[in-house]
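Participant: 3D, please:
(2 chains)
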Amino acid sequence: MNIKSQKDFFAGLMFLGVGVAFAWGATTYNVGTGARMGPGYFPLMLGVLMAVLGAAITFKALVVETVGGEKIGKWAWKPLVFIISANVVFGVMLAGVPALKIPAFGLIVAIYAVTFIASMAETGWKVKNTFILATVLAVGSYLAFVMALKLQFPVWPSFITG
Amino acid sequence: MDLISNLSLGFSVAFTPINLLYALAGCVLGTLIGVLPGIGPVATIAMLLPATYALPPVSALIMLAGIYYGAQYGGSTTAILVNLPGESSSVVTCIDGYQMARKGRAGPALAAAGLGSFFAGCVGTLILAAFAPPLTELAFKFGPAEYFSLMVLGLIGAVVLASGSLLKAVSMIVLGLLLGLVGTDVNSGVARFSFDIPELTDGIGFIVIAMGVFGYGEIISNLSQPEHEREVFTAKVSGLFPTKQDFKDMVPAVLRGTFLGSALGILPGGGALLAAFAAYALEKKMKMKPGEVPFGQGNIRGVAGPESANNAGAQTSFIPLLTLGIPPNAVMALMVGAMTIHNIQPGPQVMTSNPELFWGLIASMWIGNAMLIVLNLPLIGMWIKLLTVPYRYLFPAIVLFCAIGVYSTNNNTWDIWMVAIFGVIGYLFIKLGAEPAPLLLGFILGPMMEENLRRALLLSRGDWSVFVTRPLSAGLLAAGALMLVIVLLPAVKNKREEAFVEE
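Facilitator: This is a model prediction of the structure:
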């Protein structure tokens, strides 16, 4: 059987899978009855509903013709990896990860890290421009978040401030 | 005339030079902080609440009202300019507002949001002053069954938000409802779907999902196109102000939004929240004029309607707060907190025991709203300049602000890891053609829906027919069913037309 709409086919599978997972998870809690609902009742209902919807979408994707097959297309691995890792590195740098013995580097270092890693998501980024951007963002963030709003951030590396 | 004397009392309290100054200061602060993605009105007020401790009660509330409106408008600004909803109601503004910005019409979109909100705020204030007592009785008629049906109606309305497949939109709503259930169950104390992670027992944050799915997902998808094809924003910016035609399209949408928002705002607990979604659904169902831009591609009605509904709802939501003592949303809850700090016990008695404060507060809401227009219309030019910054400098900054905003809501790196996960999920949604706006509505309504379903069925001893035997509830469900039929009809018609073509 041919897949008529690739997007819908996989979206349906995703909903089906997540629905089953939620429904299965819900059965591990007390389900109860309509009059005395346990914590599992509503999630079980919704999980089953979503699984059914997912199955319907998948089925439709196999049957109903679409123009051009609605291909998912190439995954943009490069931006995906760089943007998400920029975000994760920001968290690691900002507050450190005690479990892995990574010290907190503070806000300023984290901003430079984010800007450089995020910029790499695009081809043709330039070290000099990115450096200027990072400096502008670092100074601006320091003024706005630390000086003006007094948000609680570790600003400088913990091994310097102690 | 009670109305006139009440309002004039309010304005005499609120309309002093020093209070106007506080209103202005509040608006400026609120707007500045509100434009930072991830920091919505709630976080802004929470942050700036201590700054108002030293002020006299009325001035403090006026400043808070200014902050509230400033932050809310700031949130709409980021929604329009960079597709980042700072709070639940701007999710809807994102849909058409951002598309307008991409087409170089950010100016009219921002103006529509501001003017629509202002108009709705004025009407809301009047309604509040005139009809507070009789409207309360309507809210009393709403039991759990009615709330559940109202939410079902709201969710069916959300289906209209998506421009693609109906089934996928429904699935996204259900997914949102399920995500909203993650965390500790309020009735039994059981931590659901938390995988024994302490942070997850508090549930998933709205900001985390909004930033991840809307912010990161969009950036990744934009970057996946080669630079010369990308064209996130057109270089050509046409007009800072709405044209005559824009006004013509806008005015009816604003009126409809205001009406809908005022009506839904009266219902305690989530009524005002549904207003923006319901208004968008309504606009989308209205007949298109020839030559009008389709919804989802930058229709000005899709900005004006929801923004006014949201604001009108915010005003009338004072009615449940003051008569039933239920704060309709987190911002109002903070306002109540501010009142208690100043030794005022919120509740029905405020109206009689502190009339100058009650009416002063209502007048101050209006002043905050008016101040915002004065402040923001000149700023539109500046916001638009922001869009001329090349995307390659804009997107690292957006990533940074998302990360900072998410971190600062709880001062916890956990939220940063979560937003990374939702960023990946958001990109997956884009790839699979599943639109995220309905998911967010479901996410917000999930816990409330479960609560009301539980209560309704507990009261009826497990009898599901309670939803159709209570007239108000049945009416709401019937409206939902009707809406579903209207949504489905075009699809049926298209099929028929296709069949004819094949023959």
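Participant: Look up phi and psi at A:Gly32.
Facilitator: phi 70, psi -170 (degrees, to the nearest 10).
Participant: following the helix or strand bottoming out on mean pLDDT in chain B, which helix or strand shows up next?
Facilitator: Sorting the helices and strands of chain B by mean pLDDT, DSSP states H and E puts helix B:227-230 at the bottom, at a mean of 59. Note on helix B:227-230: by DSSP states H and E, the next helix or strand toward the C-terminus is helix B:244-265.
Participant: so what does that following helix touch, helix or strand wise?
Facilitator: helix B:106-140, helix B:271-285, helix B:301-316 (3 or more Cβ pairs under 8 Å, 6 or more residues apart in numbering or on different chains; DSSP states H and E). Heads up, the C-betas are built off the backbone N, CA and C, glycines and all.
Participant: Which residue comes closest to B:Ala363 once chain neighbours are left out?
Facilitator: B:Gly10 (3.4 Å; Cβ to Cβ, 6 or more residues apart in numbering or on different chains).
Participant: which residues sit in contact with residue 84?
Facilitator: Reading this off chain A. B:216, B:420, B:423-424 (Cβ atoms under 8 Å, 6 or more residues apart in numbering or on different chains).
Participant: um, chain B though
Facilitator: With Cβ under 8 Å, 6+ apart, B:Leu84 has these contacts: B:37-38, B:78, B:94, B:210-211, B:214-215, B:398, B:402.
Participant: is it fair to say it lies in a helix?
Facilitator: No. Secondary structure of B:Leu84 (DSSP: H, G, I helix; E, B strand; the rest coil): coil, not part of a helix.
Participant: confidence score at it?
Facilitator: Turning to B:Leu84, the model gives it a pLDDT of 74.
Participant: separation between it and chain A?
Facilitator: 14 Å (Cβ to the nearest Cβ, to the nearest Å).
Participant: so B:Ser408 touches A:Val146, yeah?
Facilitator: No. Contact criterion Cβ atoms under 8 Å: B:Ser408 and A:Val146 do not qualify, at 11.0 Å.
Participant: Identify the contacts common to the two.
Facilitator: A:Phe153.
Participant: So which of these two has more stuff around it?
Facilitator: B:Ser408 (21 against 15; other Cβ atoms under 10 Å in any protein chain shown).
Participant: that older thread, would TSV of the contacts of A:Ile84 with secondary structure, distance to B:Leu394 and pLDDT be doable?
Facilitator: Below are the contacts of A:Ile84 laid out as TSV (DSSP: H, G, I helix; E, B strand; the rest coil; distance: Cβ to Cβ, whole Å; pLDDT from 0 to 100):
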residue	secondary structure	distance to B:Leu394	pLDDT
B:Tyr216	helix	14	84
B:Ala420	helix	20	91
B:Gly423	helix	17	90
B:Val424	helix	21	91
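Participant: Around chain A, which positions in the stretch 201-350 of chain B sit nearby?
Facilitator: B:216, B:219-221, B:223-224, B:227 (Cβ under 8 Å from any Cβ of the partner chain).
Participant: thinking again about what came up before, out of the helices and strands packed on helix B:244-265, which one sits most buried?
Facilitator: Mean neighbour count (mean count of other Cβ atoms under 10 Å in any protein chain shown) peaks for helix B:301-316 among these, with a mean of 33.
Participant: What helices and strands are in contact with that one?
Facilitator: Using 3+ Cβ pairs under 8 Å, 6+ apart, helix B:301-316 sits against helix B:57-82, helix B:90-102, helix B:106-140, helix B:244-265, helix B:271-285.
Participant: got those as CSV, with distance to B:Pro294 columns?
Facilitator: As requested, the helices and strands packed on helix B:301-316 are exported to CSV (distance: least, Cβ to Cβ, whole Å):
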stretch, distance to B:Pro294
helix B:57-82, 18
helix B:90-102, 10
helix B:106-140, 16
helix B:244-265, 13
helix B:271-285, 10
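Participant: Could you list the domains of chain A?
Facilitator: Using automatic domain parsing, the domain parsing of chain A gives A:6-70, A:77-161.
Participant: Spatially nearest residue to A:Ile57, not counting backbone neighbours?
Facilitator: The nearest residue in space to A:Ile57 (Cβ to Cβ, 6+ apart) is A:Gly12, at 3.3 Å.
Participant: I'd like the distance between A:Met50 and B:Val174.
Facilitator: Distance from A:Met50 to B:Val174, counting by Cβ to Cβ, to the nearest Å: 4 Å.
Participant: shared neighbours, those two?
Facilitator: A:15, A:19.
Participant: buried stuff in the strand or helix carrying B:Gly180?
Facilitator: Assigned by DSSP H and E, B:Gly180 belongs to helix B:166-181. For helix B:166-181, the neighbour count (16 or more other Cβ atoms under 10 Å in any protein chain shown) marks B:167-181 as buried.
Participant: Between which two of these is the distance greatest?
Facilitator: For those, the maximum inter-member distance is 21.6 Å, found between B:Leu167 and B:Leu181 (Cβ to Cβ).
Participant: which residues in chain A form helices?
Facilitator: Taking DSSP state H to define them, one finds helices in chain A at A:6-27, A:41-63, A:77-95, A:106-119, A:127-141, A:158-161.
Participant: Can you say which of those helices is packed in most?
Facilitator: Highest mean neighbour count among the helices of chain A (mean count of other Cβ under 10 Å): helix A:106-119, a mean of 24.
Participant: is it true that A:Leu53 touches A:Gly19?
Facilitator: Yes. Counting by Cβ under 8 Å, A:Gly19 is a contact partner of A:Leu53 at 7.3 Å.
Participant: residues shared between the contacts of those two?
Facilitator: With Cβ under 8 Å, 6+ apart as the test, A:Leu53 and A:Gly19 both reach B:Val174.
Participant: Same list (the helices of chain A) but as JSON lines, adding distance to B:Tyr391 and mean pLDDT.
Facilitator: Shown next, in JSON lines, are the helices of chain A (distance: least, Cβ to Cβ, whole Å; pLDDT from 0 to 100):
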{"stretch": "helix A:6-27", "distance to B:Tyr391": "26", "mean pLDDT": "90"}
{"stretch": "helix A:41-63", "distance to B:Tyr391": "33", "mean pLDDT": "90"}
{"stretch": "helix A:77-95", "distance to B:Tyr391": "12", "mean pLDDT": "87"}
{"stretch": "helix A:106-119", "distance to B:Tyr391": "11", "mean pLDDT": "88"}
{"stretch": "helix A:127-141", "distance to B:Tyr391": "12", "mean pLDDT": "87"}
{"stretch": "helix A:158-161", "distance to B:Tyr391": "35", "mean pLDDT": "74"}
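Participant: do you know which of these lies nearest B:Tyr69?
Facilitator: Nearest to B:Tyr69, of the helices of chain A and by Cβ to Cβ, is helix A:127-141 at 24.8 Å.
Participant: Run through who's touching the closest one.
Facilitator: A:107-108, A:111-112, A:115-116, A:119, B:393, B:396-397, B:400, B:404.
Participant: let's go with 10 Å and repeat that
Facilitator: In this structure, residues lying in contact with helix A:127-141 by Cβ atoms under 10 Å, 6 or more residues apart in numbering or on different chains are A:107-120, A:125-126, A:147, A:151, A:153, A:155, B:36, B:390, B:392-394, B:396-397, B:400-401, B:404.
Participant: before we move on, back to that, dump the residues of the stretch 201-350 of chain B next to chain A to JSON lines, plus secondary structure, neighbour count and distance to B:Phe443.
Facilitator: As requested, those are exported to JSON lines (DSSP: H, G, I helix; E, B strand; the rest coil; neighbours: other Cβ atoms under 10 Å in any protein chain shown; distance: Cβ to Cβ, whole Å):
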{"residue": "B:Tyr216", "secondary structure": "helix", "neighbour count": "28", "distance to B:Phe443": "17"}
{"residue": "B:Ile219", "secondary structure": "helix", "neighbour count": "28", "distance to B:Phe443": "21"}
{"residue": "B:Ile220", "secondary structure": "helix", "neighbour count": "27", "distance to B:Phe443": "21"}
{"residue": "B:Ser221", "secondary structure": "helix", "neighbour count": "17", "distance to B:Phe443": "21"}
{"residue": "B:Leu223", "secondary structure": "helix", "neighbour count": "24", "distance to B:Phe443": "26"}
{"residue": "B:Ser224", "secondary structure": "coil", "neighbour count": "20", "distance to B:Phe443": "26"}
{"residue": "B:Glu227", "secondary structure": "helix", "neighbour count": "13", "distance to B:Phe443": "34"}
